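Asker: Sequence and predicted model, in that order:
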Amino acid sequence: MSTQPTPTFSSNYPPEQGVQDLSPLLKSNGGKWVLIQSGKGVERSFKFKTFKKTWEFMNIVAAECAVKKHHPEWSNVYNTTFIRWTTHSPPGLSEKDVLMARFCDEKAGECGELEVDEGNEGSVGKELADRVATEGGDCCVPKKKSS
């Protein structure tokens, strides 16, 4: 029997506020997101009727990422996009993660999100996002300029 992870919030996100903001998004409370094993992020898959609709959704999210200066760990395979929101610095779930998860839910609905088969939820793209996040290193630390 596995236990549910406990949310771990960034040092600049008060835990009481984080729990209040995050709670309605979690699957255990009727939402669609699940905490990652470390508790430092949330993730879920989005499925659409076509690749074009999926790409439209991703473009909308990407534009908001530029505005918020915050990006997900994500992957795409045909009509499915897997998204994980976590903050690397300071580590943990941040207010931006929660706001962007809520934004994704809203925009997915507007783009015609399909219901995902519970048995396959999260499987498409999760392994790819895991691998790239590990191999990519710390994407949120400014790179040193070479001389």
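Answerer: Thanks, I have it.

Asker: And the residue nearest to residue 72 when sequence neighbours are not counted, which helix or strand is it part of?
Answerer: Leaving out its chain neighbours, the residue that sits closest to residue 72 by CB to CB, 6 or more residues apart in numbering is residue 83, at 4.9 Å. Glycine gets a C-beta too; all of them are placed from N, C-alpha and C. For residue 83, the element it lies in under DSSP states H and E is strand 80-88.

Asker: Show me the strands in the chain, by range?
Answerer: 34-35, 41-47, 73-77, 80-88, 91-92 (DSSP state E).

Asker: Please tabulate these in TSV, including the columns mean neighbour count and mean pLDDT.
Answerer: Below are these laid out as TSV (neighbours: other CB atoms under 10 Å; pLDDT from 0 to 100):
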stretch	mean neighbour count	mean pLDDT
strand 34-35	19	96
strand 41-47	23	96
strand 73-77	19	94
strand 80-88	23	95
strand 91-92	19	94
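
Asker: any chance of these in JSON lines, plus distance to residue 7?
Answerer: Output for the strands of the chain, formatted as JSON lines (distance: least, CB to CB, whole Å):
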{"stretch": "strand 34-35", "distance to residue 7": "6"}
{"stretch": "strand 41-47", "distance to residue 7": "9"}
{"stretch": "strand 73-77", "distance to residue 7": "17"}
{"stretch": "strand 80-88", "distance to residue 7": "11"}
{"stretch": "strand 91-92", "distance to residue 7": "8"}
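
Asker: who wins for proximity to residue 16 among the ones you listed?
Answerer: strand 91-92 (14.5 Å; CB to CB).

Asker: wait, doesn't the residue nearest to residue 72 sit right on residue 43?
Answerer: Yes - between residue 83 and residue 43 there is a contact under CB atoms under 8 Å: 6.5 Å.

Asker: Low-confidence ranges, the chain, go.
Answerer: 1-2, 117-147 (pLDDT under 70).
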